[in-house]
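Asker: Mind looking at a prediction? Sequence and model below.
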Protein chains: 2
Amino acid sequence: MTLFEKIAAREIPAQIVHETADVIAFRDISPKAPTHVLVVPKKAIPRIDEATEDDAPLLGRLLMEASAVARQLGLAKSGYRLVINNGKDGGESVPHLHIHLLGGRPLAWPPG
Amino acid sequence: MTLFEKIAAREIPAQIVHETADVIAFRDISPKAPTHVLVVPKKAIPRIDEATEDDAPLLGRLLMEASAVARQLGLAKSGYRLVINNGKDGGESVPHLHIHLLGGRPLAWPPG
């Protein structure tokens, strides 16, 4: 199991902020903004480059849940950034697809 | 019409790299990496926070097309980052939903 599957299975603790049948969201353990949450499909797709056509609806859900979490955490008005890292140059860490949701401060440009 | 609708309608020139019935992708005019492309739904959703449940399949397509563009541009192996800015703290510029695809150099952390 991936680290994130273990979090979803409650085998590893995390500060879970949102959960649906397909998606789980929890605080990043090394936050880079006042709010920094990972929004993760329970299905262990390694990275966006490995998503298949069958995964397209799940990817749509993932973005919808990311914006729902942002609203839930009070970021909709002030704003936020969503980030997906794929592979080495992207800074991918855990090989289980996830969206970083960052907010609570102005995010600078360029994005890394 | 938004700036991006005008680009899709060929009323404003852009370096278009990919197009489907629902999505268009073109080079950012102020690139922040060797490859910096905007992947845009033709439907003018202002920002991810304003996507509705009806838009969920389109959002899935948008992520699928973003990774397809990355493959097309030779970034799949080296890696890349996808970024969506929502509102002021996110650094949102054009009020027409778009994904930034950046690659061709290591992207730093935090992402802005």
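Answerer: Now that the structure is in, tell me what you want to look at.

Asker: Show the average pLDDT along the longest helix along chain A.
Answerer: Counting by DSSP state H, the longest helix found in chain A is helix A:56-72. Here helix A:56-72 scores 98 as its mean pLDDT.

Asker: who's in contact with that helix?
Answerer: Under the criterion CB atoms under 8 Å, 6 or more residues apart in numbering or on different chains, residues A:17-18, A:20, A:22-23, A:25, A:37, A:39, A:41, A:43, A:45, A:48, A:51, A:76, A:80, A:82, A:97, A:99, A:101, A:103, B:48-49, B:51, B:53, B:55-64, B:84, B:86 lie in contact with helix A:56-72. Where C-beta positions appear, they are placed from N, C-alpha and C, glycine not excepted.

Asker: and it with helix B:56-72, angle?
Answerer: 110 degrees (axes from the mean of the first three to the mean of the last three CA atoms, to 10 degrees).

Asker: What's the first helix or strand after helix A:56-72?
Answerer: Tracing the chain C-terminally past helix A:56-72 and defining elements by DSSP states H and E, one meets strand A:80-86 next.

Asker: Okay, now the sheet partners of that following strand, with direction.
Answerer: According to DSSP bridges, strand A:80-86 forms sheet pairs with strand A:99-103 (antiparallel), strand B:80-86 (antiparallel).

Asker: I'd like to know how many residues surround A:Ala76.
Answerer: Burial of A:Ala76 is recorded as 19 neighbouring residues (other CB atoms under 10 Å in any protein chain shown).

Asker: excluding its backbone neighbours, what's nearest it?
Answerer: B:Asp49 (5.2 Å; CB to CB, 6 or more residues apart in numbering or on different chains).

Asker: Roughly how far does that neighbour sit from B:Asn86?
Answerer: Distance of B:Asp49 to B:Asn86, computed by CB to CB, to the nearest Å: 5 Å.

Asker: picking that back up, nearest approach to B:Pro31 belongs to which of the strands paired with strand A:80-86?
Answerer: strand B:80-86 (13.2 Å; CB to CB).

Asker: how about low-confidence regions in chain A?
Answerer: Filtered on pLDDT under 70, chain A yields no residues whatsoever.

Asker: thinking again about what came up before, please work out which of the strands paired with strand A:80-86 is packed deepest.
Answerer: strand B:80-86 (a mean of 27; mean count of other CB atoms under 10 Å in any protein chain shown).

Asker: And the next helix or strand past it?
Answerer: Immediately after strand B:80-86, counting by DSSP H and E, sits helix B:87-90.

Asker: Mind giving me the packing neighbours of that next one?
Answerer: In terms of contacts (3 or more CB pairs under 8 Å, 6 or more residues apart in numbering or on different chains; DSSP states H and E), helix B:87-90 is packed against strand A:80-86.

Asker: Isn't A:Gly90 up against B:Leu107?
Answerer: Yes. Between A:Gly90 and B:Leu107 there is a contact under CB atoms under 8 Å: 5.8 Å.

Asker: Need the residues touching each of those two.
Answerer: Between them, A:Gly90 and B:Leu107 share the contacting residues B:Tyr80, B:Arg81, judged by CB under 8 Å, 6+ apart.

Asker: Out of the strands paired with strand A:80-86, which gets nearest to B:Ala9?
Answerer: strand B:80-86 (23.1 Å).

Asker: one step back: any shared contact partners between B:Asp49 and B:Asn86?
Answerer: Shared contacts of B:Asp49 and B:Asn86 (CB under 8 Å, 6+ apart): A:Ser67, A:Ala70, A:Ala76.
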